[in-house]
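1. Sequence plus predicted model, see below.
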Amino acid sequence: MKSLITLAFIAATSAGTAMAERINVASNANVANSVQRLKDAVETAGAQVFNTIDFAAGNAAVGKDLRPTTVVIFGSPKIGASAWQTGQTMALNLPLRILFYEDVNGQTWATYDDPTAVAPSHGLAADHPAVLAMKGALELFSAAVTGE
């Protein structure tokens with residue numbers, strides 16, 4: 001029993017070190033407008049929007065309510081390709097993604113995981129040029145679309 005508790009403690013404390021730092025940026029627009037701003041900004045930058053997932057619509061389809069909650073998945077192989085050369089499992093966090101959601105107070109947020117926090121778990125240094133490019137893109141796009 002004691003070894004089981006020790007194992008559970010090790011697993012719990014190890015899991016925390018692999019978790020990413022979550023970045024939250026308040027938006028001056030609602031979720032739909034923030035999402036559209038991101039799609040426009042990504043395409044203007046020459047990158048690609050791969051998918052948009054509207055979780056509120058999915059919930060509505062099964063009779064459940066959810067405040068506006070949408071993930072936009074986007075990117076460019078120009079950034080990801082060099083990251084994958086070093087750490088193929090980084091593909092779990094690529095393409096890039098930003099979650100837009102409305103909180104209980106009606107505030108819209110743009111949220112993403114900091115790539116510099118995630119990269120080491122994939123064998124990439126936090127200061128790898130591709131990782132820094134990912135972080136820069138997420139910072140630039142989230143600031144542009146939220147009005148910050």
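-> Cool, the structure landed.
2. hey, let's count contacts and neighbours off CA atoms from now on
-> Will do.
3. Quick check: closest non-adjacent residue to residue 34.
-> If the residues on either side of it in the chain are set aside, residue 34 comes closest to residue 145, at 5.7 Å by C-alpha to C-alpha, 6 or more residues apart in numbering.
4. ok but the one you found is inside a strand, no?
-> No: counting by DSSP: H, G, I helix; E, B strand; the rest coil, one finds residue 145 to be helix, located in no strand.
5. Now do the phi/psi pair for the residue nearest in space to the middle of the chain.
-> By C-alpha atoms, centre = their mean, the chain has its centre lying nearest to residue 112, at 3.3 Å. Taking degrees, to the nearest 10, you get phi -150, psi 160 for the backbone angles of residue 112.
6. Surely it touches residue 101?
-> No: Residue 112 is not in contact with residue 101 according to C-alpha atoms under 8 Å; the separation is 11.4 Å.
7. Can you work out which other helices and strands pack against the strand or helix carrying residue 137?
-> Assigned by DSSP states H and E, residue 137 belongs to helix 129-146. If contacts are counted by 3 or more C-alpha pairs under 8 Å, 6 or more residues apart in numbering; DSSP states H and E, helix 129-146 sits against strand 22-27, helix 31-44, helix 77-86, strand 96-102, strand 108-113, helix 115-118.
8. let's see it at 7 Å
-> Packing partners of helix 129-146 (3 or more C-alpha pairs under 7 Å, 6 or more residues apart in numbering; DSSP states H and E): helix 31-44, helix 77-86, helix 115-118.
9. Appreciated, that's everything.
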